[in-house]
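S.K.: could you work out the structure for the sequence below:
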Amino acid sequence: MEDFIVSARKYRPTTFLSVVGQSALTNTLKKSIASKHLAHAYLFCGPRGVGKTTCARIFAKTINCLNPTADGDACNECESCKAFNEQRSYNIHELDAASNNSVDDIRSLIEQVRIPPQIGQYSVYIIDEVHMLSSAAFNAFLKTLEEPPAYAIFILATTEKHKILPTILSRCQIYDFNRMGIEDTIKHLQMVAEREGIKAEPEALGIIAQKADGGMRDALSIFDQIAASTDGNITYQGVLENLNVLDYDYYFKLVNFFFEGKVSECLLTFNEILNKGFEAQNFINGLSSHLRDLMVCKDAQTVQLLDVGANVKEMYLKQAQNEACTNDFLYKALMVCNQCDLNYKISKNKRLLVELTLIRLCQLSDEKKKIIG
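M.R.: Predicted coordinates:
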């Protein structure tokens with residue numbers, strides 16, 4: 001039986017071109033390599049699972065390539081590239097600062113820096129989760145970071161730039177990685193699904209992309225989990241059940257009930273949601289997000305802020321065009337939901353609090369009708 005390799009490792013990018021969602025940043029790195037304007041220290045920062053360490057490895061591989069392509073990518077054929085691909089390169093050194101954060105660990109690294117590369121031009125030192133280094137370790141590292149040998153390049157990666165000493169920041173070129181967009185994540189998951197022979201509904205991949213919250217590694221991990229539990233047939237309903245996510249349809253249905261002032265239907269729908277095991281506060285937060293998405297759909301300039309799949313986007317745009325869905329209604333509805341969220345922790349009867357919120361939201365349309373009348 002063939003050993004299973006998780007998708008996050010199997011489909012990890014090996015060239016700048018294959019990195020998803022960071023085109024501006026990768027183009028800048030490629031240009032600096034092509035022009036040979038290389039800094040001695042870089043800081044890659046951004047959310048988890050967006051390609052910081054991957055880009056550091058690609059950068060290290062590319063600057064040591066003996067025959068780079070015209071596009072500025074590594075050739076994958078020279079001895080340096082082969083050594084990197086086979087994970088036997090002595091030019092690339094990785095240190096996990098989360099578990100190696102002492103002064104002794106940094107001193108050991110500094111000793112390594114004195115050894116020049118055997119193949120290629122540069123020795124690259126990738127320090128992951130660099131914010132975890134102790135203050136003493138940072139201070140021990142400062143001199144080497146400021147004046148390293150000509151062949152040494154440091155790439156520091158972190159999810160928490162604010163925890164790094166200003167003296168370290170001032171010695172690095174800083175690159176900020178973006179969160180993955182929903183569309184980029186869906187496209188990448190579709191590519192993985194096709195290569196793995198897995199059937200996947202676009203709406204299902206949209207839910208996975210949202211659940212991943214901008215992290216491609218998280219999206220691929222969730223994808224593997226769902227694919228295993230659904231025997232390679234990823235459906236919208238299957239994802240909702242596996243991830244315990246509330247269906248978009250509930251929010252669209254509830255907002256229509258608000259427009260029509262249907263209190264009973266709202267209360268029965270909320271009861272159904274509770275019976276499915278969803279937390280009332282998560283429901284209110286989801287409703288607030290839904291109302292916010294409707295609000296950004298009201299203006300052509302802000303539609304770009306709607307971070308959902310294409311099919312769901314059409315549903316939002318359609319509901320936003322309802323004559324009852326005015327800006328005034330949305331502002332008041334958001335205020336009501338926000339007040340419910342603020343009062344939730346101190347409320348002794350949480351269900352009643354949410355039910356009163358739903359009744360109040362139904363009354364907003366009634367108030368509008370009275371004013372018009």
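S.K.: contacting residues for the residue nearest the centre of the chain?
M.R.: Most central in the chain under Cα atoms, centre = their mean is residue 214, positioned 1.6 Å from the mean C-alpha point. Remark: with contacts taken as Cβ atoms under 8 Å, 6 or more residues apart in numbering, residue 214 is in contact with 47, 50, 179-181. (Glycine included, C-beta is placed from N, CA and C.)
S.K.: which strand residues bridge residue 153?
M.R.: residue 124 (DSSP bridges).
S.K.: that one: how many residues sit nearby?
M.R.: Neighbour count of residue 153, defined by other Cβ atoms under 10 Å: 24.
S.K.: pretty sure it sits against residue 41.
M.R.: Yes - Residue 153 is within contact range of residue 41, at 7.3 Å (criterion: Cβ atoms under 8 Å).
S.K.: coming back round to it: would you turn the contacts of residue 214 into a markdown table with distance to residue 322?
M.R.: As requested, these are exported to a markdown table (distance: Cβ to Cβ, whole Å):
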| residue | distance to residue 322 |
| --- | --- |
| 47 | 35 |
| 50 | 37 |
| 179 | 31 |
| 180 | 32 |
| 181 | 27 |
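S.K.: could you pick out the buried ones from the residues you listed?
M.R.: 47, 50, 179-180 (16 or more other Cβ atoms under 10 Å).
S.K.: and the contacts of stretch 280-300?
M.R.: In contact with stretch 280-300 (Cβ under 8 Å, 6+ apart) are residues 246, 248, 251-252, 254-255, 270, 273-274, 302-303, 305-306, 308, 316-317, 319-320, 325, 327, 330-331, 333-334, 337-338, 340-341, 344, 350-351, 354, 357.
S.K.: and that stretch, which residues are buried?
M.R.: 280, 283-288, 290-297.
S.K.: rewinding a little: so the residue nearest to the centre of the chain sits in a strand?
M.R.: No - Residue 214 sits outside any strand when classified using DSSP: H, G, I helix; E, B strand; the rest coil, being coil.
S.K.: re earlier: looking at the buried residues of stretch 280-300, which is nearest residue 195?
M.R.: Among these, residue 293 lies closest to residue 195 (Cβ to Cβ), at 32.0 Å.
S.K.: what helix or strand is the closest one on?
M.R.: helix 280-297 (DSSP states H and E).
S.K.: now do residue 172 against residue 39, distance only.
M.R.: Residue 172 sits 8 Å away from residue 39, going by Cβ to Cβ, to the nearest Å.
S.K.: looking at those two, which has the bigger crowd around it?
M.R.: It is residue 172, of residue 172 and residue 39, that has more neighbours when counted by other Cβ under 10 Å, with 20 against 13.
S.K.: can you tell me the closest non-neighbouring residue to that one?
M.R.: Excluding the flanking residues, the one nearest residue 172 by Cβ to Cβ, 6 or more residues apart in numbering is residue 43, at 4.0 Å.
S.K.: which of the three states applies to the one you found?
M.R.: strand.
S.K.: so what touches stretch 113-125?
M.R.: 38, 56, 59-60, 63-66, 79-80, 83, 89-95, 109, 112, 144, 148-149, 151-155.
S.K.: 6 Å instead?
M.R.: Applying Cβ atoms under 6 Å, 6 or more residues apart in numbering, the contact partners of stretch 113-125 are 60, 63-64, 79-80, 90-93, 151-154.
S.K.: of all the residues you listed, which comes closest to residue 5?
M.R.: residue 92 (21.1 Å).
S.K.: that closest one contacts residue 61, correct?
M.R.: No - using Cβ atoms under 6 Å as the test, residue 92 is too far from residue 61 to be in contact (7.5 Å).
S.K.: now residue 130: how far from residue 252?
M.R.: As defined by Cβ to Cβ, residue 130 lies at a distance of 45 Å from residue 252.
S.K.: of those two, which one has the most company?
M.R.: Shown here are residue 130 and residue 252; by other Cβ under 10 Å, residue 130 has more neighbours (30 against 17).
S.K.: not counting its neighbours along the chain, what's nearest the more buried one?
M.R.: Closest to residue 130 by Cβ to Cβ, 6+ apart is residue 156, at 4.1 Å.
S.K.: spit out the contact partners of that neighbour.
M.R.: 43, 127, 130.
S.K.: could you give the angle of the helix or strand that it is a member of to strand 41-45?
M.R.: Here residue 156, judged by DSSP H and E, is contained in strand 152-158. Orientation note: strand 152-158 sits at an angle of 20 degrees relative to strand 41-45 (axes from the mean of the first three to the mean of the last three Cα atoms, to 10 degrees).
S.K.: CA atoms only for strand 152-158, dumped as CSV, please.
M.R.: Output in CSV follows, covering the C-alpha atoms of strand 152-158 (Å, rounded to 0.1, in the frame of the first residue of the first chain):
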residue,chain,number,x,y,z
ALA,A,152,25.7,34.0,4.4
ILE,A,153,22.0,35.1,4.1
PHE,A,154,19.5,35.0,6.9
ILE,A,155,15.8,34.5,6.3
LEU,A,156,13.7,35.0,9.5
ALA,A,157,10.1,33.9,9.5
THR,A,158,7.4,34.9,12.0
